[in-house]
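Enquirer: mind folding the following:
(2 chains)
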Amino acid sequence: MKTEFILTAAQAVNDAILAHEPEIESLDREIGDGDHFVNMKRGCATILGMHDELAPLSADATLQKIGMKLLSTIGGASGPLIASFFMAMAKAEKEQQADALPQIAAAFAAGVEAIKMRGKADVGEKTMLDVLIPVARKFTEMANAGAAPAEVFAALKETAEQGMLSTRDMIATKGRAAFLGERAIGHIDPGAKTSQVIIHTICDLASSRP
Amino acid sequence: MKKFINDVDNLLAESLSGFQAAHRDLVKVHLDPNFVTRAEKPKNKVALISGGGSGHEPLHTGFVGYGMLDAACPGHVFTSPTPDQMLAAAEAVESGQGVLFIVKNYAGDVMNFEMAAEMLPFEHATVITSDDVAVENSTYTTGRRGVAGTVIVEKVVGSLAETGASLAECKALGDKVNSRTASMGVALTSCTVPAAGRPTFELAEDELEMGVGIHGEPGRRREKLRPADEIVADLVTAILHDLKPAPGSEVLLMVNGFTGTPLMELYVLFNAAAKLLEQQELKVVRSLVGDYTTSLEMAGASITVCLLDDEIRKHWDAPVHTAALRWGR
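Expert: Below is the predicted model of the structure:
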C-alpha cells in the first residue's frame, strides 16, 4: 500500500461523502439519531487536516495515526469502530509491507474483522458490516485467485451495492436502529450507505490508476 | 432552527466555559480534551467518572462535585465522548483507589469507555446503566438503554465512594441500584441537534412517541395524544411489570423532564404516578422532580422508579453538593 494512495483516497472519500449529504442525512433521520453524517464529515475533515503530517510516513504509520486520531475526534459508536478498522489495517500492513492486491485484500479483511470484534456484530444485523464483510470476502477471494484489478474493483462495487440494498429489508439487531424493531424494515441503514459510497469511491479511484 | 448560537462548532466549548464561570467554586473545566472535574481533587477515594453525549444537561457535568462524580466527559451533542477524554479525566482525578466508569448502555458510549478502560493505567471497573424498560432486552436489540435512572446510580454510588469504600464495593452498589431501577419516557415534540439544524424526527401536533429514548430515538410506538393520567398509567405499568416490587416496598419516584415540558406538568405526572404506585401498595418515600436528564429542547418526560433498601436510601439521603443537585451540605 502507498501513503500517497491513502491520502488521495481520503480526499476522494471526503468529496463523495459531502456529495451524498442529503441522502445520508435523510436515512439517518429515518432510523438513526441524526449524527451519522456530521460524524463522518468530521472524520474526513480530520484526515484531510493531517495531510502534511502523514505524507512523509509509511503506509502502516499513516493508517495507525489516522486510527488514533479518529478515535479522539469522531466519538459515537462509529469512532471506536472506524478507529479499530484503521488500527488493524495498520498492523496487517506493517507485517506484510506489500503493494500487491492479495496483501491489500488481507489488510482490508483484518480491518473489517476488527470492526466485527469491537462491535460484536456480524452480517444480517443492518449495519455497515452488511457491506464490509461481503466486500472483504469477495476481495480476498478474487485477489487470491489472481483476477485482473479492473475486474476485482467492478465486482467489489457490485458487492457493496448489493450489501447496502440488503439492509433495506432487515430488522436491525445492532446500532441505534435496533430500538425500532420492525419499524426499521424498508429503510436502508445509513452506515451501510456510507460504506457503499466509500467502497465505490475507492474502487473508482483504484481502477483509474495504472 | 432557533437557538442561541455564535458558532455551531464552538457551541460545546462555549457552554462548558460558561459552566466553569458559573460554578468556579465547584468545578474545573478542561478543554481539548473536554472533561470536567471537581474544583478540589479529593484524596484517597474511588474516582467516579461518567460521560456521554452533550444535550442531556445537567447529566453528567452538573453532577460533578461532593457526593457524586469526580469527573464527567461530555461528548459532542448526542455523540459519546472519546477515550482520550476519559484517559485525561482519569489521570486528573485518580487518587490511588482506582476508577469506576458509570456508562449509559448505548453502543457508542460502551465502546468508547471500553477502549479507554483497555488503555487505563489504573485499577478500574465499569457500571453500565440500563434502566429504560421501553426497549426489551432481547436478542433483537443491543440491550436496554441507560436513561434518567443513571442520576440515581451516580448519586448513590457517589455517596458510598465518599466513605472510602473499595472499587469492588462501589461497582457492586452501582449494579444493585441499576437492577432495582426502571424508567420509561414519552416525547411530545422532537428536538434539533444544532449541527444538523433540523428536527431529529417528526411528531404531528396530536401525536406522542411512547418509550422514546433520550436522543429522540423511537420507542415502543407512536400514538395519539391522550389525557396525562392514561399516559402515566402506561409508563407505570411497564415499569412495575419490569421491577415486580413486593407490596409494601419503599420507592424513590423520579419524574424527569426532557426540557420543553414545564415543571407544572411534571407535577401532574408525579401526582398520577404516585397515586398509581400507592394503589399497588408501594410507599413513595423519596422523590425527585425536574429536568435532570434532558433531550435538548424536547417536550416530554420520563418516569423512574427505584426500589429502595436501607443501603440505597441512606446513600440517597447523604449530603451532595453539585451544580444540579444539592442537599445536606
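
Enquirer: contact partners for residue 84?
Expert: Unless you meant another one, I'm taking chain A. Listed by Cβ atoms under 8 Å, 6 or more residues apart in numbering or on different chains, the contact partners of A:Ser84 are A:67, A:111, A:114-115, A:117-118. Bear in mind the C-beta positions are built from the backbone N, C-alpha and C, glycine included.

Enquirer: should've been chain B
Expert: By Cβ under 8 Å, 6+ apart, the contact set of B:Asp84 is A:71-72, B:33.

Enquirer: with respect to B:Asp132, which of the residues you listed is nearest?
Expert: A:Leu71 (27.4 Å; Cβ to Cβ).

Enquirer: spell out the secondary structure type for the closest one.
Expert: With DSSP: H, G, I helix; E, B strand; the rest coil as the basis, A:Leu71 sits in helix.

Enquirer: what about the closest residue to it other than its chain neighbours, which helix or strand?
Expert: The shortest distance from A:Leu71 to any non-neighbouring residue, by Cβ to Cβ, 6 or more residues apart in numbering or on different chains, is to A:Ala83 (3.7 Å). Per DSSP states H and E, A:Ala83 falls inside helix A:78-96.

Enquirer: can I get that helix as PDB, trimmed to CA atoms?
Expert: Output of helix A:78-96 as PDB, limited to C-alpha atoms (Å, rounded to 0.1, in the frame of the first residue of the first chain):
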ATOM      1  CA  SER A  78     -18.500   5.000  14.700                       C
ATOM      2  CA  GLY A  79     -15.400   6.400  16.400                       C
ATOM      3  CA  PRO A  80     -14.100   3.100  18.000                       C
ATOM      4  CA  LEU A  81     -15.400   1.000  15.100                       C
ATOM      5  CA  ILE A  82     -13.600   3.000  12.400                       C
ATOM      6  CA  ALA A  83     -10.500   3.500  14.600                       C
ATOM      7  CA  SER A  84     -10.300  -0.200  15.200                       C
ATOM      8  CA  PHE A  85     -10.500  -0.700  11.400                       C
ATOM      9  CA  PHE A  86      -7.600   1.600  10.700                       C
ATOM     10  CA  MET A  87      -5.500   0.300  13.600                       C
ATOM     11  CA  ALA A  88      -6.000  -3.400  12.500                       C
ATOM     12  CA  MET A  89      -5.200  -2.500   8.900                       C
ATOM     13  CA  ALA A  90      -2.100  -0.700  10.100                       C
ATOM     14  CA  LYS A  91      -1.000  -3.800  11.900                       C
ATOM     15  CA  ALA A  92      -1.500  -6.100   8.900                       C
ATOM     16  CA  GLU A  93       0.200  -3.600   6.600                       C
ATOM     17  CA  LYS A  94       3.200  -3.400   9.000                       C
ATOM     18  CA  GLU A  95       3.600  -7.200   8.900                       C
ATOM     19  CA  GLN A  96       3.300  -7.500   5.100                       C
END
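
Enquirer: what angle sits between the helix or strand following that helix and helix A:78-96?
Expert: Using DSSP H and E, the helix or strand that follows helix A:78-96 in sequence is helix A:101-119. Going by axes from the mean of the first three to the mean of the last three Cα atoms, to 10 degrees, helix A:101-119 is angled at 140 degrees with respect to helix A:78-96.

Enquirer: which strands and helices lie in contact with helix A:101-119?
Expert: Here helix A:101-119 touches helix A:78-96, helix A:129-144, helix B:107-119, going by 3 or more Cβ pairs under 8 Å, 6 or more residues apart in numbering or on different chains; DSSP states H and E.

Enquirer: since that was my last question, I'll sign off now.
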